[in-house]
Each structure stands twice: as C-alpha cells, then as structure tokens.
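Peer 1: this one's structure only:
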C-alpha cells in the first residue's frame, strides 16, 4: 500500500488523556494533558510534558508532587473544560470531588476510575515545554474496575486523544495477548 508522508510533529500517535492534579495556593487544580506516558518500569516513573506557564505547573514545582487521573467518557465534558480554562482565571478546585493519598498534597479525582499520585523526581526543560518525571508512589482503582484483582481496561475506559482531528476516543476490543500472539509467527 502506498504511504503518504506526513509533516513531522508530535501528533502522529494517539495519546492518553489525563487530568494532572496539583495543589496550587492551597487548592486542588487540574489541567488536561495528552503528552503523558510511562517512562520507566521499576520504579514506575511517568512523564508529562507541559508548558511552564500553566497554573498547575506552579503547584508541581512548589510541592514536588502531582497526580495522574484517567477520565472516562462520562467525564469528557469536565476534562475538556479543564483544558480550555486556566486555573489562573477560574477556580477549578470544586470541579471534582478529590481525595488524598500517601503524599497528602497530590489531589486525585474520585470520579476517575484509575488515579496515581507521583513524587517529582526530575524536570527536563525542552522548548517550549518542560517534562516532569514522577515516581508513582501509589495508584488507586475503583473496585468495580477490577477483574481478578487487576485493572480491567474496558471498565476503566480511559480517554485517548488524537490529532489533527482533535478527538477524544475510548479503547476498543482486545486483539491478542502480548508476549503470546507472536510465538508461532514465522518471519
């Protein structure tokens, strides 16, 4: 099949949609982030790439902590709203019911089926963004989103962001088992 060359850029791959939480001036604040992912396995380190000008960024820097919250389709409007509005102009502290974990100052969203609190371990400045690396101190999942004690991804239903269509999606059907599907493949 003929390939069409796309312009280089960061929007080639689908991205998870997360709400990053931090305490800012004593109140929880959340921003919508698509540049997020796992950067290390053990210890579990996540990376988020954000503008240094964001209100939430100030809270991450001040406290050395942040949370990662995976919203589902039921939270798409509130998630998008948090991405459209800055905590510098509007109070986001009452948008979600929150809870605290071990760190005490990385607010997590009760309505998100999977959350994690992170301790900042490294900051890398890129232009125009900065990347925060956070060690996952604890993760929390709704009991109803577990199957045999493990996260059940269709039940968690995390949002995926795509560009250039600027769309929110949910994950689809399981295709195969990793580290198993290729065992009988002949190259």
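Peer 2: On my side now, so go ahead. Just so you know, these numbers come straight off a predicted model, no measurement behind them.
Peer 1: quick one: residue 55 and residue 85 touch, right?
Peer 2: No. The pair residue 55 / residue 85 is not scored as a contact, 9.8 Å apart, by Cβ atoms under 8 Å. The way it works is simple: take the backbone N, C-alpha and C, and place the C-beta from them, glycine included.
Peer 1: these two: which is more packed in?
Peer 2: Using other Cβ atoms under 10 Å as the criterion, residue 55 and residue 85 rank with residue 55 on top: 19 against 16.
Peer 1: okay, now the closest residue to the more buried one other than its chain neighbours: neighbour count?
Peer 2: Nearest residue to residue 55, sequence neighbours excluded (Cβ to Cβ, 6 or more residues apart in numbering): residue 87, at 3.5 Å. Counted with other Cβ under 10 Å, the neighbours of residue 87 add up to 23.
Peer 1: heads up, I number from 585, so please use that
Peer 2: Understood, numbering begins at 585; the last thing we discussed is residue 671.
Peer 1: hey, what's residue 719 bridged with?
Peer 2: Beta-bridge partners recorded for residue 719 (DSSP bridges): residue 629, residue 703.
Peer 1: what's in contact with stretch 647-654?
Peer 2: Here stretch 647-654 makes contact (Cβ atoms under 8 Å, 6 or more residues apart in numbering) with 600-607, 614, 620, 630, 632, 640, 643-644, 685, 687, 689-693, 696-704, 716, 718, 720, 740, 742-743.
Peer 1: repeat that for stretch 666-679.
Peer 2: 603, 608, 611-616, 638-640, 662, 665.
Peer 1: now with 10 Å?
Peer 2: Residues outside stretch 666-679 that contact it (Cβ atoms under 10 Å, 6 or more residues apart in numbering): 601, 603-618, 637-640, 642-643, 655, 659, 662-663, 665, 680, 691, 693, 695, 745.
Peer 1: please pick the buried ones from these.
Peer 2: Buried subset of those (neighbour count, 16 or more other Cβ atoms under 10 Å): 601, 603-608, 612-618, 638-640, 642-643, 655, 659, 662-663, 680, 691, 693, 695, 745.
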